[in-house]
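[1] Mind looking at a prediction? Sequence and model below.
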Amino acid sequence: MQKIIELCKQHNTELILIKTPEAKGWDEQKSNKVEEYADINSLKFIDLNYDDNIDIDWNVDSQDSGEHLNIYGAEKVAEYLANYLKNNFSSLLDHRNDTKYSTWNNELVQYKKEREEEKGKSN
């Protein structure tokens, strides 16, 4: 971990520690330890287990009642993190119209198509 921190510093890149929601294997003691490590190393730590803004419903957003997120929970996490990055890092570049990143757009189209097909099956 120290090597990653040093590499980020060398490249003037901010490292953020993130804990995605996990109801069964995570607790406040673990969160406090990571928070302590983050503080010692001047890092940000986002623990999505304790953020009410993400609104995880373990009956809907997990297929195993809290060990892993399903697609619905993952989409909530992705949206939350996208908004966090957008609101906190104005220097991030938007590559949606950059031809070097066109595969991202192609994959997004495919993802949306598969999600629509999945929704059609569940209705």
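    The structure has been received and is ready for your questions.
[2] All the strands of the protein, in order from the start?
    16-19, 44-47 (DSSP state E).
[3] Run a quick neighbour tally on Leu69.
    A count of neighbours around Leu69, defined by other Cβ atoms under 10 Å, yields 22. Yep, even glycine has a C-beta here, placed from its N, CA and C like the rest.
[4] tell me the phi and psi of it?
    phi -80, psi 150 (degrees, to the nearest 10).
[5] pLDDT at it, what is it?
    pLDDT for Leu69: 93.
[6] rewinding a little: closest one to Asp64 among the strands of the chain?
    strand 16-19 (17.7 Å; Cβ to Cβ).
[7] The closest one pairs with which strands?
    Neighbouring strands of strand 16-19 in its sheet, by DSSP bridges, are strand 44-47 (parallel).
[8] mind putting the strands of the chain in JSON lines, distance to Glu107 and mean neighbour count included?
    Formatted as JSON lines, the strands of the chain follow (distance: least, Cβ to Cβ, whole Å; neighbours: other Cβ atoms under 10 Å):
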{"stretch": "strand 16-19", "distance to Glu107": "22", "mean neighbour count": "15"}
{"stretch": "strand 44-47", "distance to Glu107": "25", "mean neighbour count": "16"}
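[9] pLDDT weak spots in the protein?
    By pLDDT under 70, the weakly predicted segments of the chain are 122-123.
[10] And the helices in it, which stretches?
    Along the chain, counting by DSSP state H, helices occupy 2-10, 28-40, 71-88, 102-122.
[11] Let's see the third one as CSV, backbone CA atoms only.
    Meaning helix 71-88. Provided in CSV are the C-alpha atoms of helix 71-88 (Å, rounded to 0.1, in the frame of the first residue of the first chain):
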residue,chain,number,x,y,z
ILE,A,71,-26.5,-4.9,-10.5
TYR,A,72,-29.0,-2.6,-8.8
GLY,A,73,-26.6,-1.9,-5.9
ALA,A,74,-23.6,-1.6,-8.1
GLU,A,75,-25.4,1.0,-10.2
LYS,A,76,-26.1,3.0,-7.0
VAL,A,77,-22.5,2.8,-6.0
ALA,A,78,-21.3,3.8,-9.5
GLU,A,79,-23.7,6.8,-9.6
TYR,A,80,-22.7,7.9,-6.2
LEU,A,81,-19.0,7.7,-7.0
ALA,A,82,-19.4,9.4,-10.4
ASN,A,83,-21.2,12.3,-8.6
TYR,A,84,-18.6,12.4,-5.9
LEU,A,85,-15.7,12.6,-8.4
LYS,A,86,-17.6,15.2,-10.5
ASN,A,87,-18.3,17.4,-7.5
ASN,A,88,-14.8,17.1,-5.9
